[in-house]
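Q: Kindly generate the corresponding structure for this input.
(2 chains)
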2 protein chains.
Amino acid sequence: MKVIFVTGNEGKFREAESELAEAGIELEQRKLPVPEIQADTLEEVVHHSVEWTRRQIDGPFFLEDAGFFVDALKGFPGVYSAYAHKTVGLKGMVKLMEGKEDRAAGFQAVIGYWDGSQLHIFKGQCRGRMTDSLIGEGGFGYDPLFIPDGHEKTFAQMDPEEKNTISHRGMALHKMLEHLKG
Amino acid sequence: MKVIFVTGNEGKFREAESELAEAGIELEQRKLPVPEIQADTLEEVVHHSVEWTRRQIDGPFFLEDAGFFVDALKGFPGVYSAYAHKTVGLKGMVKLMEGKEDRAAGFQAVIGYWDGSQLHIFKGQCRGRMTDSLIGEGGFGYDPLFIPDGHEKTFAQMDPEEKNTISHRGMALHKMLEHLKG
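A: Have a look, this model is predicted:
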């Protein structure tokens, strides 16, 4: 079986490629200028992106979107995590959380898989809490601000293997894999 | 001449209606679930929205998008002003600006006008500076945080007439009106 992964991100592609290879699924990368709409949830964004993409591609494909959701900020930066990262930045996030007792937050990843006739949504989530300063040198994005539940280190302090076993992205990918196998 | 204004906002519609009536242009309100894409500029958002809308409507129409852009925050909240307002909020904006010497900011409004065969973009801008706390009871959105250049009051301290003469929205509307008259 062959599936197209619509992404411009090489790192995401390679991660998915190795995850799906073990199930005998061949992955092909396709870069397309997929429009992402403004919405409150990743599910809505992905739904719309699949609707656009399925007019460009024949056969099965999937795409993915992810974000960091902070409870005390009503979900901000959420769907706009990449934009907030390059404008407000991590130091801005620290400022926004000053004095907030509720530190709960989570990463979410949503995959939209189009099997050729139907849309399937697979969601991965990793809950945890926000630090009050940047900790750790690894990872990317909001990793230095996030300690997953059941752990004492931030994502930025973990090596990639450790992070991948608990990450939102790995979980969404795993759910899709189970579906493809079944 | 009759033009359709695609908006769900009654206030915006009435403002445009009275502005265009003096030039003998009749306005009709149309509510549509126009998708707004994620982008760095209002022009991109409006361009995409017009592309979608022109497949739904025959004849001339326009739509509008607006935002608040803070220089020291690399343009944040910008295109996502409404979302940031309901999540981060005005107090969050005050926190983000703590210790920032550069207080420059501006409101932008962009109108996309489809004349039946071509897109025209009209942009209005109102530059000014950010306060370090909320001032004034009137207006809406980011008005209590913004003092326009050449003034000493925030938008939230001005009565609607005073604000409209210098506002980004009024300016974009005026540019479109000049085009329609010409």
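
Q: Flag every residue of chain A that's near chain B.
A: Residues of chain A lying close to chain B (Cβ under 8 Å from any Cβ of the partner chain) are A:35-38, A:40, A:45, A:48, A:73-76, A:78-80, A:83-84, A:86-88, A:92, A:95-96, A:98. To be clear about C-beta, it is placed using only N, CA and C from the backbone, and glycine gets the same treatment.

Q: Show me how to select, in ChimeraX, the buried members of these.
A: Those of the residues of chain A next to chain B that count as buried under 16 or more other Cβ atoms under 10 Å in any protein chain shown are selected in ChimeraX with:
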select /A:35,36,37,38,45,48,73,75,76,78,79,80,83,84,87,88,92,95,96
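
Q: Just the ones in strands from the residues of chain A next to chain B, please.
A: Counting by DSSP state E, the residues of chain A next to chain B place A:Gly78 in strands.

Q: Specify the beta-bridge partners of A:Met130.
A: Taking DSSP bridges as the rule, A:Met130 bridges to A:Phe146.

Q: For it, report the pLDDT, please.
A: At A:Met130, the pLDDT value in this model is 98.

Q: pretty sure it contacts A:Pro144?
A: No: between A:Met130 and A:Pro144 there is no contact under Cβ atoms under 8 Å: 10.4 Å.

Q: what does the model give A:Lys74 for pLDDT?
A: The per-residue pLDDT reported for A:Lys74 equals 97.

Q: What helices and strands are in contact with the host helix or strand of A:Glu178?
A: In the assignment (DSSP states H and E), A:Glu178 maps to helix A:168-181. Where contact means 3 or more Cβ pairs under 8 Å, 6 or more residues apart in numbering or on different chains; DSSP states H and E, helix A:168-181 is packed against helix A:10-21, strand A:61-70, strand A:104-114, strand A:119-130.

Q: okay if I get the ones you listed as TSV plus distance to B:Arg55 and mean neighbour count?
A: Listed next are the helices and strands packed on helix A:168-181 as TSV, based on distance: least, Cβ to Cβ, whole Å; neighbours: other Cβ atoms under 10 Å in any protein chain shown:
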stretch	distance to B:Arg55	mean neighbour count
helix A:10-21	32	15
strand A:61-70	23	24
strand A:104-114	22	23
strand A:119-130	22	18
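
Q: comparing these, which gets the lowest mean pLDDT score?
A: For these, the stretch scoring lowest in mean pLDDT is helix A:10-21; its value is a mean of 89.

Q: Show me which positions of the helix or strand that that helix is followed by end up buried.
A: The helix or strand immediately downstream of helix A:10-21 is strand A:26-30, counting by DSSP H and E. For strand A:26-30, the neighbour count (16+ other Cβ under 10 Å) marks A:27, A:29-30 as buried.

Q: ok, so of these, who is nearest A:Gly150?
A: A:Leu27 (30.8 Å; Cβ to Cβ).

Q: I'd like to know which helix or strand in chain A has the lowest mean pLDDT.
A: When the helices and strands of chain A are compared on mean pLDDT, DSSP states H and E, helix A:160-166 comes out lowest with a mean of 86.

Q: What number of residues are in the vicinity of the residue nearest to A:Met158 when sequence neighbours are not counted?
A: Distances taken as Cβ to Cβ, 6 or more residues apart in numbering or on different chains place A:Gly138 nearest to A:Met158, at 6.9 Å, with adjacent residues excluded. Counted with other Cβ atoms under 10 Å in any protein chain shown, the neighbours of A:Gly138 add up to 14.

Q: Surely A:Gly138 is in a strand?
A: No: under DSSP: H, G, I helix; E, B strand; the rest coil, A:Gly138 sits outside any strand and is assigned coil.

Q: So it is in contact with A:Lys153, correct?
A: No: using Cβ under 8 Å, A:Gly138 is not in contact with A:Lys153, being 10.0 Å away.

Q: looking at the helices and strands packed on helix A:168-181, which is closest to A:Arg54?
A: strand A:104-114 (5.2 Å).

Q: What strands line up against that closest one, and which way round?
A: Paired neighbours of strand A:104-114 in the sheet (DSSP bridges): strand A:61-70 (antiparallel), strand A:119-130 (antiparallel).

Q: Between helix A:168-181 and it, find me the angle.
A: Relative orientation of strand A:104-114 and helix A:168-181, computed by axes from the mean of the first three to the mean of the last three Cα atoms, to 10 degrees: 30 degrees.

Q: Could I have the CA atoms of strand A:104-114 written out in CSV?
A: Coordinates of each C-alpha in strand A:104-114 appear next as CSV, following Å, rounded to 0.1, in the frame of the first residue of the first chain:
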residue,chain,number,x,y,z
ALA,A,104,-2.1,22.9,32.8
ALA,A,105,-1.4,22.7,29.1
GLY,A,106,-1.1,20.2,26.3
PHE,A,107,0.2,19.5,22.8
GLN,A,108,-2.2,18.2,20.2
ALA,A,109,-1.7,16.7,16.8
VAL,A,110,-4.4,16.0,14.4
ILE,A,111,-4.0,13.9,11.2
GLY,A,112,-6.6,14.0,8.4
TYR,A,113,-6.5,10.9,6.3
TRP,A,114,-8.4,10.7,3.1
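
Q: what angle do it and helix A:10-21 make?
A: Using the same axes, to 10 degrees: strand A:104-114 against helix A:10-21 is 70 degrees.

Q: how much space is there between A:Lys181 and chain B?
A: Distance from A:Lys181 to chain B, counting by Cβ to the nearest Cβ, to the nearest Å: 33 Å.

Q: I figured that residue hits A:Ala23, correct?
A: Yes: using Cβ under 8 Å, A:Lys181 makes contact with A:Ala23 at a distance of 5.6 Å.
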